[in-house]
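S.K.: just a sequence and a predicted model for now, questions to come.
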Amino acid sequence: MERYLIGIDVGTSACKVIAVDGAGRVAAKALAAYPLVSPKPGWAEQDPEHWWEATQTALAQVLDALPDRRAVAGIGLSGQMHGLTALDEADRVLRPAILWCDQRAAPHCDDITARAGGLDGLLALVQNRMLPGFTAGKLLWMREHEPALFARMRRMLNPKDYLRLRLTGEHVTDVSDASGTGLFDVKQRAWSKPLMSLLDLPASLVPQAVESTERAGVVRAELAQRFGLPANTPVFGGGGDSVIQTTSMGVIDTGPLGVTIGTAGIVAGGMRACPEPTGQLQISCGNAPGRWHVMGVTLSAGGTFEWLRGALRRMSPDLSFTAMTAFAKAAEAGSNGLLFLPYLLGERCPHVAADGRAAWIGLTSMHDASHMIRSVMEGVMLNIRAIAALGEMAGLSCDVVRVSGGATSEPFWLHLLADVLQREVTTVTGAAEGGAYGAVLAAGVGAGWWSSLDEAAGSLQMIERVTPDASLGRLYDARFDTFRALYDTLAPLYQRIATENTNR
């Protein structure tokens, strides 16, 4: 009898559920959407009940598509990181979840850093700079602005772990997702009791943290009966989406570099030891025991192309991504000297620059729309190269790059990335399904399908390989040097521009 593993990914806009067979093929998949609410500028919230409703809908559709739903061997979970789901003593949700992209906690990041003894003290405790999206700052915001609700809170969970609670009744997270709370000692793979004490947060607030491949509960009997699943179907640790999506590309050890180009961009790799933290790159526990995950996140990747398309469609409503890509291909490599800095939303990596601004530099009457479009794409790739350079300095291997995300559907993006990085670029099976597939790989190890995540990664098949055009190496090396110098030159002006706009 064919056996299946279920992967569930609670994303920012929808829940994806997939079923994967013993050969690693996706046998069925479904998607169920839910809204994101922004009550105030810079705020982002969701109702956790919407996650659960969407999960049930998508899971039912996937199980309906299987020949025998009782052949499910286990469930793996993935989800958006950093979200604060606050629960009372009866596990009731106290308020809408505060998401990863919410910025309200920014002032509290400085407070947390100061309490830890400055950046060096904070890095010694949790190996990461405190970012507004992290959960720790949201807890302090809630304590200051919603003290009555905070007093009732007994437990916090990340989004995927709220689904685990509903599925199994267990309060458990995994070490990769815990790494993104800002309260986790990533090097020791344990909650940072010293930092939580400094912040006056009780240790009982956080859930148990397990390895991604570890069993972390079984589906509750009434749910198993309702969905027709086997009794005691195991649910495994899983992972935070940014980490486990890299696992879906087979990026676990010090081998290939993983690049995800979605709305944002992620450059990540695996290491066998926790690197010395600098605050420039985010360090997480890897999905394999004894491995660590190092990544840099750029806030504007594919989203930059989407912004440009939106701006141009005001003049040409029928403009498609395909047409824009054709324009870009018509321009010569290097965009005839035109450079674009893609900091439309500020930046997180390779620079921490909340007030960062995008800019075209070098624009002349010799440039046309094709140069402007191509320069935007090249700017995104040059920024990815800058993050990869930080990764190399931290000890990541960047000789071969594996890519996932929306860019994988357009060959020109892959060729441009290969040319700008001057590295071989590949895509593999599973990467298109992102975190849900990574969750399946972790669950498969826990269920005994593979002996390790390394073995699971070895089962992935290459789909496409793109080699760089070596004749463009010198050109893009020079463009990269200029690109980095431009940020250093313009950075002092960003805060002035932001202040001027605020005071208008």
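M.R.: Ah, there it is.

S.K.: for residue 217, which non-adjacent residue is closest in space?
M.R.: In space, and not counting its chain neighbours, residue 217 is closest to residue 168: 3.1 Å by Cβ to Cβ, 6 or more residues apart in numbering. (Each C-beta comes from the backbone N, C-alpha and C, glycine too.)

S.K.: dump the residue contacts of the one you found.
M.R.: 216-220, 235 (Cβ atoms under 8 Å, 6 or more residues apart in numbering).

S.K.: repeat for residue 451
M.R.: Residue 451 sits in contact with residue 445, where contact means Cβ under 8 Å, 6+ apart.

S.K.: now do the SS call for it.
M.R.: Secondary structure state of residue 451, per DSSP: H, G, I helix; E, B strand; the rest coil, is coil.

S.K.: and the gap between it and residue 348?
M.R.: Between residue 451 and residue 348 the computed distance is 36 Å (Cβ to Cβ, to the nearest Å).

S.K.: before we move on, back to that, quick check: pLDDT value at the residue nearest to residue 217.
M.R.: Note for residue 168: predicted pLDDT of 99.

S.K.: quick one on the thing from earlier: neighbour-wise, which one of the contacts of residue 168 leads?
M.R.: residue 216 (27 neighbours; other Cβ atoms under 10 Å).

S.K.: I'd assumed it was in a strand, is it?
M.R.: Yes. Counting by three-state DSSP, residue 216 is found in a strand.

S.K.: look up the pLDDT of it for me, please.
M.R.: With respect to pLDDT, residue 216 has a value of 98.

S.K.: isn't it right up against residue 164?
M.R.: Yes. Contact criterion Cβ atoms under 8 Å: residue 216 and residue 164 qualify, at 6.6 Å.

S.K.: tell me which residue is most central in the protein.
M.R.: Residue closest to the average C-alpha location in the chain (Cα atoms, centre = their mean): residue 242, at 2.8 Å.

S.K.: so what's that residue up against?
M.R.: Residue 242 neighbours (Cβ under 8 Å, 6+ apart): 81, 180, 266, 268, 284, 295, 297.

S.K.: check which element follows the helix or strand containing it along the chain.
M.R.: Element membership of residue 242 [criterion: DSSP states H and E] is helix 241-248. Sequence-wise, the next helix or strand downstream of helix 241-248 (DSSP H and E) is strand 257-261.

S.K.: next helix or strand past that next one?
M.R.: The helix or strand immediately downstream of strand 257-261 is strand 265-271, counting by DSSP H and E.

S.K.: got a list of what the closest residue in space to residue 469 that isn't next to it in sequence touches?
M.R.: Using Cβ to Cβ, 6+ apart and skipping residues adjacent in sequence, the residue nearest residue 469 is residue 419, 5.2 Å away. The contact partners of residue 419, by Cβ under 8 Å, 6+ apart, come to 333, 468-469, 472, 476.

S.K.: distance check, residue 419 against residue 323.
M.R.: Per Cβ to Cβ, residue 419 is found 22 Å from residue 323.

S.K.: same check on residue 70?
M.R.: Separation of residue 70 from residue 323 (Cβ to Cβ): 49 Å.

S.K.: give me the neighbour count for residue 317.
M.R.: 7.

S.K.: kindly report the same for residue 395.
M.R.: Neighbours around residue 395, by other Cβ under 10 Å: 14.

S.K.: confidence score at it?
M.R.: For residue 395, the predicted pLDDT is 89.

S.K.: show me the contacts for it.
M.R.: By Cβ under 8 Å, 6+ apart, the neighbours of residue 395 are 254, 271, 275, 294.

S.K.: the residue lying closest to residue 286 once chain neighbours are set aside in helix, strand or coil?
M.R.: Of all residues not flanking residue 286 in the chain, residue 293 sits nearest, at 4.5 Å (Cβ to Cβ, 6+ apart). Here residue 293 takes the strand state, with states given by three-state DSSP.

S.K.: residues in contact with residue 293?
M.R.: 176, 179, 243, 246, 268-271, 283-287.

S.K.: apply 10 Å and report the result again.
M.R.: 176, 179, 186, 239-240, 242-244, 246-247, 251-252, 258, 268-271, 282-287 (Cβ atoms under 10 Å, 6 or more residues apart in numbering).

S.K.: do residue 39 as well
M.R.: Residue 39 touches 45, 96, counting by Cβ under 10 Å, 6+ apart.

S.K.: can you read off the pLDDT for it?
M.R.: Note on residue 39: pLDDT of 93.

S.K.: and residue 346, its phi and psi?
M.R.: phi 80, psi -160 (degrees, to the nearest 10).

S.K.: report the beta-bridge partner residues of it.
M.R.: Beta-bridge partners of residue 346, counted by DSSP bridges, are residue 344.

S.K.: how much space between it and residue 140?
M.R.: Plainly put, residue 346 is 22 Å away from residue 140 if you go by Cβ to Cβ.

S.K.: same check, this time on residue 86
M.R.: The value you get for residue 86 to residue 140, if Cβ to Cβ is used, is 13 Å.

S.K.: which of these two has more neighbours?
M.R.: With neighbours defined as other Cβ under 10 Å, residue 86 and residue 140 compare such that residue 86 has more, 25 against 20.

S.K.: which residues does that one bridge with?
M.R.: Counting by DSSP bridges, residue 86 forms beta bridges with residue 156.

S.K.: was I right about it contacting residue 151?
M.R.: No. Between residue 86 and residue 151 there is no contact under Cβ atoms under 10 Å: 11.1 Å.

S.K.: ok, the residue nearest to the centre of the chain to residue 302 distance?
M.R.: For residue 242, the distance to residue 302 - Cβ to Cβ - is 15 Å.

S.K.: how is this protein carved up into domains?
M.R.: Using automatic domain parsing, the domain parsing of the chain gives 4-242, 250-427+478-497.
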